[in-house]
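Chemist: sequence isn't available, so here's the structure alone:
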């Protein structure tokens, strides 16, 4: 019984520490409080189900970031599909299953995003990852790296601009481009 109580208390503390960061991440992508709140609930539900298998905070934070990112990408993909569907004539006789194409497009977008991040200089990449993956705010990043908050802010602006320009230069689908432009 004590182990269950500790598990619940540990999870509650982790939830209270990171729920606002996950909400902010989701809200930046969706610009919709309800969708962001739903994503927070879904992310932490998934985390609770895996809580026993995650033993270190680093693993939990990594899982939290990955789950958040994947759910955001899933929602963005759904938005893209809805936009594609609404802009075409819905001819029921010519319906085809696009699930394989959607899966490939999603993976292509994710790979393109990873390539864009991979092009960042080492110091800028470190600041970018601490912000986007570790959900640290500018002050926390500055403290951890021993640099000023203004330097952190400047590096994030440059990183976002670089990633955005890379995506614009390499994206083929204009609707996907519009979706990704909203992210940054």
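Modeler: Sure thing, it's come through. On a predicted model such as this, the values are computed, not experimentally measured, just so you know. Numbers count the residues shown, from 1 in each chain.

Chemist: and the chain, what are its domain boundaries?
Modeler: Domains of the chain are assigned by automatic domain parsing as 1-95, 99-184.

Chemist: now the last one: average pLDDT?
Modeler: If I follow you right, that is domain 99-184. Across domain 99-184, the average pLDDT comes to 78.

Chemist: assess the claim that residue 60 and residue 14 are in contact.
Modeler: Yes - counting by CB atoms under 8 Å, residue 14 is a contact partner of residue 60 at 6.3 Å. Glycine gets a C-beta too; all of them are placed from N, C-alpha and C.

Chemist: how near is the residue nearest the centre of the chain to residue 26?
Modeler: Against the mean C-alpha coordinate of the chain, by CA atoms, centre = their mean, the closest residue is residue 69 at 2.8 Å. For residue 69, the distance to residue 26 equals 10 Å [CB to CB, to the nearest Å].

Chemist: show me where this protein has helices.
Modeler: 2-30, 33-50, 57-86, 99-118, 122-132, 138-145, 149-170, 174-183 (DSSP state H).

Chemist: give me the local confidence score for residue 21.
Modeler: Looking at residue 21, the pLDDT reads 90.

Chemist: which residues touch the closest residue to it other than its chain neighbours?
Modeler: Leaving out its chain neighbours, the residue that sits closest to residue 21 by CB to CB, 6 or more residues apart in numbering is residue 135, at 3.7 Å. Contacts for residue 135 (CB atoms under 8 Å, 6 or more residues apart in numbering) come out as 18, 21-22, 24-25, 61, 64-65.
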